[in-house]
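> what follows is a predicted protein model with its sequence.
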Amino acid sequence: MESPTDHPGQPHPTTGADVATVARVASRIRGNIERVIEGKSEVVSAALVVLLAEGHLLLEDVPGVGKTMLSKALARSIDSTVRRIQFTPDLLPSDVTGVSVYNQQSREFEFRPGGVFANIVIGDEINRASPKTQSALLECMEEQQVTVDNVTYHLEAPFMVIATQNPVEMEGTYALPEAQRDRFMARVSIGYPVPSAEIAMLNSHTELNPLDELEPVTDAAELRKLCGIVHHVHVSEAVQRYAVSLTAATRESTDLLLGASPRATLHLVRAAKAYAALHQRDYVLPDDVRALIQPVIAHRLLPSAEAAVGGRGTSDILAGIVAQVPVPEIRS
């Protein structure tokens, strides 16, 4: 039970007008993306949550369901710098971060930025590159900076990595290292479209590429303001304790070899703030946390050998854990 000081209706730095602005701009971005991606409103919502929470998004699914299309549509909806990195087995870490090249005329080394120097970085088929190359993203995803030859270069906000990958069972893929997976705020799968959406895709995609008609509906400056509003969405102590209880339970589960990290708890709360703002609330409810637990936490977990043999995946194990953790009561 929350104390009176934790009441969600108390005045907060973020106002109702502020979150209404967040929801309004997000609606414009959503409409733009859904001109390209048919019938996947939940996936688009997850992408918007990650964008506003200043996280990174991992899109995992079989080939041909629109992972790269979704990434491009989100990037083109924002008037900002965008770079695409096509991850291949021969891609080098310096192709990602940049490299210092000796200039014979000036007799000095000059830094040539790599693909991560943009507001939105699309990492296409990230798990087709070696773990060595994948690790080049670790610093920039966590600290929003790149260090090359002992010189640190800061990346301009907003900074978001949208990576796509095929399931590990696919030919020519590497499993993402645990440290890499943990830096993605959420992982979502697009899935196959329903027949009506697939028919609509045939009508809209066969004659021309709908991406070519997309125009930006916001810019980097406005997005920074929206992220600032989301940052100040109120999270009561009871909701914080609930988020910690959920992640702590994954560390104690005998069905898991690896539970959720403290970074996962932080990502869960930050994503819940964005989720609340999208629903025009300046405070977070336990239901917001529950709605995001699967996309934010499941990809970070490793099942035990017994659970894997029994056919229990991380999503099933996590669902069981969530069902056992008491939900805090919120006074109206």
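Now that the structure is in, tell me what you want to look at.

> what residue lies at the spatial centre of this structure?
L57 (2.6 Å; Cα atoms, centre = their mean).

> which residue packs closest to it, ignoring adjacent ones?
V50 (4.5 Å; Cβ to Cβ, 6 or more residues apart in numbering). (Glycine included, C-beta is placed from N, CA and C.)

> give me the contact list for the one helix or strand that neighbour maps to.
If you go by DSSP states H and E, V50 is part of helix 41-52. Among residues not part of helix 41-52, those counted as contacts by Cβ atoms under 8 Å, 6 or more residues apart in numbering are 22, 26, 29-30, 33-34, 37, 56-57, 70, 74, 158, 160, 162, 185-186, 188-191, 223, 226-227, 230, 271, 274-275, 277-278, 292, 295.

> pLDDT (mean, whole number) over the strand or helix carrying A308?
Using DSSP H and E, A308 falls within helix 305-309. Helix 305-309 shows a mean pLDDT of 90.

> check stretch 91-103 too.
For stretch 91-103, mean pLDDT rounds to 92.

> in that stretch, which residues are buried?
Residues 91, 93, 95-99 are the ones in stretch 91-103 that count as buried (16 or more other Cβ atoms under 10 Å).

> what's the closest of these to A308?
L91 (30.7 Å; Cβ to Cβ).

> next, the contact list for that closest one, please.
L91 sits next to 85, 129-130, 133 when contact means Cβ under 8 Å, 6+ apart.

> related to what we said a few turns ago, which among the contacts of helix 41-52 end up buried?
22, 26, 29-30, 33, 37, 56-57, 70, 74, 158, 160, 162, 185-186, 188, 190, 223, 226-227, 230, 271, 274-275, 277-278, 292, 295.

> from V151, how far out is K132?
21 Å (Cβ to Cβ, to the nearest Å).

> before we move on, back to that, quick one: which of the buried residues of stretch 91-103 is nearest E171?
Nearest to E171 out of those is L91 (Cβ to Cβ; 17.6 Å).

> what does stretch 167-180 contact?
Against stretch 167-180 from outside (Cβ under 8 Å, 6+ apart): 60-63, 89, 126-131, 134-135, 137-138, 165-166, 258, 300, 302.

> for stretch 314-323, same thing?
Contacts of stretch 314-323 (Cβ under 8 Å, 6+ apart): 246, 249-250, 253, 255-256, 290, 293-294, 297-299, 301-303, 307.

> go through those residues and flag which are in strands.
256, 302-303 (DSSP state E).

> just to revisit the earlier point, the contacts of stretch 314-323, buried ones only, as a ChimeraX selection?
To isolate the buried subset of those in ChimeraX, counting by 16+ other Cβ under 10 Å, use the following:
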select :246,249,250,253,255,256,293,294,297,298,299,301,303,307
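
> pLDDT check: weakest of the contacts of stretch 314-323?
Least confident of the contacts of stretch 314-323 in the model: A307, at 89.

> got a list of what that residue touches?
A307 neighbours (Cβ under 8 Å, 6+ apart): 255-256, 317.

> go through the worst-scoring helix or strand of the chain on mean pLDDT and flag the buried ones.
Every helix and strand of the chain was ranked by mean pLDDT, DSSP states H and E. The lowest is helix 195-205, at a mean of 78. Residues of helix 195-205 classed as buried: M201 (neighbour count, 16+ other Cβ under 10 Å).

> what's the answer for stretch 212-225, then?
For stretch 212-225, using 16+ other Cβ under 10 Å, the buried residues are 214, 217-218, 220, 223.

> nearest to E110 among those residues?
A220 (26.1 Å).

> wouldn't the closest one be in contact with I78 here?
Yes. With contacts counted by Cβ atoms under 8 Å, A220 reaches I78, the gap being 6.7 Å.

> which neighbours do the two share?
Joint contacts of A220 and I78 (Cβ under 8 Å, 6+ apart) are N119.

> what ranges do the strands span in the protein?
Using DSSP E, strands in the chain cover 57-60, 78-79, 82-86, 98-103, 108-113, 120-124, 145-148, 151-154, 160-165, 186-188, 218-219, 256-258, 302-303.

> list the strands paired with the first one, with their directions.
For strand 57-60, the paired strands and their directions (DSSP bridges) read strand 160-165 (parallel), strand 186-188 (parallel).

> do the fourth one as well
The sheet places strand 98-103 alongside strand 108-113 (antiparallel), with pairing taken from DSSP bridges.

> got the end-to-end distance for stretch 114-128?
18 Å (Cα to Cα, to the nearest Å).

> oh, that last question was meant for stretch 180-187, not what I typed.
12 Å.

> now that stretch, how far from the centre of its chain.
7 Å (Cα atoms, centre = their mean, to the nearest Å).

> what's near enough to touch the residue nearest to the centre of the chain?
Taking Cβ under 8 Å, 6+ apart, one finds 46-47, 50-51, 160-163, 184-188 in contact with L57.

> 6 Å - rerun?
Contact analysis of L57 by Cβ atoms under 6 Å, 6 or more residues apart in numbering lists 47, 50, 162, 186.

> tell me the two of those that are most distant?
For those, and using Cβ to Cβ, no pair is farther apart than I162 and A186, which are 10.8 Å apart.

> the nearest residue to Q240 once chain neighbours are set aside: neighbour count?
Spatial nearest neighbour of Q240, excluding adjacent residues (Cβ to Cβ, 6+ apart): V269 at 6.8 Å. Using other Cβ atoms under 10 Å, V269 has 23 neighbouring residues.
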